[in-house]
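Student: Below is the sequence, then the predicted model.
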Amino acid sequence: MRRMVEPPTSRRLCILAFDPSLATQLETTTINEITAEVDWERLELGPIGEYIEVVDCDPASDVVYRPVDLNDPYLLARDGLLPSESNPQFHQQMTYAVAMTTIRHFERALGRVAFWADRRFRTTDGEYRRQFVRRLRIYPHALRDRNAYYSPEKKALLFGYFPVTTKDIHNVPGTLVFTCLSHDIIAHEVTHALLDGVHPRFNEPSNPDVHAFHEAFADIVALFQHFSYPAVLENQIRRTRGDLQSESLLAQLAQQFGRATGRGSALRDAIGRRNERTGAWEPRRPDPHALEREFGPHARGGVLVAAVFQAFLLIYRASSADLFRIATQGTGRLPEGDIHPDLAQRLAAEATKCAERVLQMCIRAIDYCPPVDITFGDFLRGIITSDLDYAPEDKSGFRTVFIESFRQWGIYPRGLTSMGLDSLAWPRGDELLQDLLVQLPEKHSEADLRQQLKDRVVTTMQNWHLESNRYKVWKDLEGVRKELWNWLRNTDSMGRYYAQLFGLVIKDNEAPPTVFRNEGGPTVEIHSARPTIRRTLNGDTRTDLVIEITQRRRGYFDREFQKELDGDTQVLSMDAPPHDFVFRAGCTILIDPVKAEVRRVIRTRGTIANNTELERVRRFLTGEDGGVGNAFDAGLAASIDGGRRITRDEPFALLHQLEEE
């Protein structure tokens, strides 16, 4: 009788822990080539799996490279291809392995399968439709340029390559730098795509933090993935003698890219920088005024990265203090020479544990952010609130550390009078519900409202589970979106009460004429509904449905014209004067399907009818507040991809190209 063999749980693949440049340096050559374990899945040539499709065509060279077969028995036996700068098949393997590693970090933190942003298109009858995107495409050799970016339009990652033009101790003119061989660049770009799948409106700038947050969050994920590789971590622990506040590879991003483009050091460093005059590395001190000076997406995002990394360092220092006391017999000063291997191993274990907790806190927080107009202060509130739900009893003080670090870097939410935990946490649904019940003209009990939520929303989400086909889960959640939309918009009074709870403007007489409308009143877009099943620190299992709702309004740079239109009693028709920008407002809602209650309501700072918030966005876009204004929308004369000009349709291409200018 033939014995059935279970498939393996993981596939081992050789990758570069950083980039090829470290393989040619004696100090780092032994730690740069590592083996990553990615979840086992059926793969086609490419490789092509459930989430990723690697397509290796090189338009600049008019070449299509042969796809790698990771099911080849010889490759399975030796953990895939060995690292090679000249082998395109290794480039394909590298991008696939790092992308899958990044995806798994998100799935573990968010408690659900990953989804890419939907494709949106207009049908012949003028209606918008959504299309499920099963796979993110990766092009390892997409362009001959000093760039790599995520394309929301193509739902793809495009990696560039370029020749080195400088000559120094790190670079040889004429050699090629492949961005697809940088672990940090791959993780960074995959994070852009994953964040776009959660918050598709985070591409629309409405304040200086929006694009800076996208860049900073992608850097945070890439940085903390360094701590996933034990050999790398132990090496850096030994080199820094356990002091991770000193210069190390762990806090640096894209070393080869930075040096090859003339920076002399890594592309970015979370805790320090190279002194241009002396050439020496210097630690970066917390600066509460940094955000007042920095408006560029990367420089401003660097402030958020520094705040998060400093929080990690404080947590690591506290958790490893006992090890240093034991090793130094209470003096706190290690003896000269290399630290003991056992101490290095224990410190590495503590650093891994702390880094994983910080990374999970940051990823979980994106479910607790408003759907549009994100600020660094909102992200802090998301970190605190999500961790309150994950670990109600914070005996280690992790949340306090984050508040302290963010405060030292001048990051705080607008409109709050306190930086205490209770003030930073987003409001609970039951608190808002009690306030709403007092205001209702009709007598309703809390039980009535919960029953309505259960009947109209919760029951529609019983058909999915996390083991389902991703397309089936997506289709089931589409049903949740439509049911919730109908409930909020129809004449059912309780649905409209919940709309009031969520901060939506549903009634015609409460919405200015410039608010977009369709049949039945102001438009409501439920552009995201996603499940989560997470295990708390106490071991309990919590299931939530996370829903994002937005509304939109026509904005005009001419204030008097805006007032004239909004002062008219006539609602604008679809052929209204062309607007200069779109102002959006909305909320993110967490619903507990077991208890049929709204757990959290995360609203933007004002409703769609709020003229103060509309004016703030207008001032940002026109540059009146000292920011970069709408220079983003003006495009950039940058020639890439065969001479194609980068425009606002490719926001991440433009952001990364701007960093090079």
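Tutor: Sure thing, it's come through.

Student: where do the strands sit along the stretch 551-661 of the chain?
Tutor: Under the criterion DSSP state E, counting those that start in this stretch, strands of the stretch 551-661 of the chain are mapped to 581-592, 597-603, 636-640, 644-646.

Student: Switch the ones you listed over to JSON lines; also include distance to A321 and mean pLDDT.
Tutor: In short, each C-beta sits where N, CA and C put it, glycine included. Formatted as JSON lines, the entries for the strands of the stretch 551-661 of the chain read as follows, by distance: least, C-beta to C-beta, whole Å; pLDDT from 0 to 100:
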{"stretch": "strand 581-592", "distance to A321": "36", "mean pLDDT": "94"}
{"stretch": "strand 597-603", "distance to A321": "34", "mean pLDDT": "92"}
{"stretch": "strand 636-640", "distance to A321": "49", "mean pLDDT": "32"}
{"stretch": "strand 644-646", "distance to A321": "49", "mean pLDDT": "39"}
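
Student: Using a markdown table, lay out those together with mean neighbour count.
Tutor: Listed next are the strands of the stretch 551-661 of the chain as a markdown table, based on neighbours: other C-beta atoms under 10 Å:
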| stretch | mean neighbour count |
| --- | --- |
| strand 581-592 | 24 |
| strand 597-603 | 21 |
| strand 636-640 | 15 |
| strand 644-646 | 16 |
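
Student: closest to Q25 out of these?
Tutor: strand 636-640 (30.3 Å; C-beta to C-beta).

Student: hang on, the earlier thing: please name whichever of the strands of the stretch 551-661 of the chain is nearest to Q225.
Tutor: For Q225, the closest of the strands of the stretch 551-661 of the chain is strand 581-592, at 26.0 Å, according to C-beta to C-beta.

Student: Quick check, S21 in contact with G258.
Tutor: No. In this structure, S21 sits apart from G258 without contact. The criterion is C-beta atoms under 8 Å, and the distance is 9.8 Å.

Student: element containing the most centrally placed residue in the chain, please.
Tutor: With distances taken as C-alpha atoms, centre = their mean, L195 lies nearest the centre of the chain, 3.9 Å away. Using DSSP states H and E, L195 sits in helix 183-198.

Student: for the record, mean pLDDT for that helix?
Tutor: Averaged across helix 183-198, the pLDDT comes to 95.

Student: Pull that helix out as PDB, backbone CA atoms only.
Tutor: Extracted as PDB, the C-alpha positions of helix 183-198 are listed here (Å, rounded to 0.1, in the frame of the first residue of the first chain):
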ATOM      1  CA  HIS A 183      16.600  42.800   0.600                       C
ATOM      2  CA  ASP A 184      15.600  46.200   2.000                       C
ATOM      3  CA  ILE A 185      14.300  47.600  -1.400                       C
ATOM      4  CA  ILE A 186      12.300  44.500  -2.000                       C
ATOM      5  CA  ALA A 187      10.700  44.500   1.400                       C
ATOM      6  CA  HIS A 188      10.100  48.300   1.100                       C
ATOM      7  CA  GLU A 189       8.200  48.000  -2.200                       C
ATOM      8  CA  VAL A 190       6.200  44.900  -1.100                       C
ATOM      9  CA  THR A 191       5.100  46.900   1.900                       C
ATOM     10  CA  HIS A 192       3.900  49.700  -0.300                       C
ATOM     11  CA  ALA A 193       1.700  47.200  -2.200                       C
ATOM     12  CA  LEU A 194       0.400  45.600   1.000                       C
ATOM     13  CA  LEU A 195      -0.400  49.000   2.600                       C
ATOM     14  CA  ASP A 196      -2.200  50.000  -0.600                       C
ATOM     15  CA  GLY A 197      -4.300  46.800  -0.300                       C
ATOM     16  CA  VAL A 198      -5.400  47.900   3.200                       C
END
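
Student: Buried residues, the strand or helix carrying A529. List them.
Tutor: In this assignment (DSSP H and E), A529 forms part of strand 525-535. Of the residues in strand 525-535, those buried by neighbour count under the rule 16 or more other C-beta atoms under 10 Å are E525, I526, H527, S528, A529, R530, P531, T532, R534.

Student: List the neighbouring strands of that strand plus their orientation.
Tutor: In its sheet, strand 525-535 lies beside strand 541-555 (antiparallel), with partners assigned from DSSP bridges.
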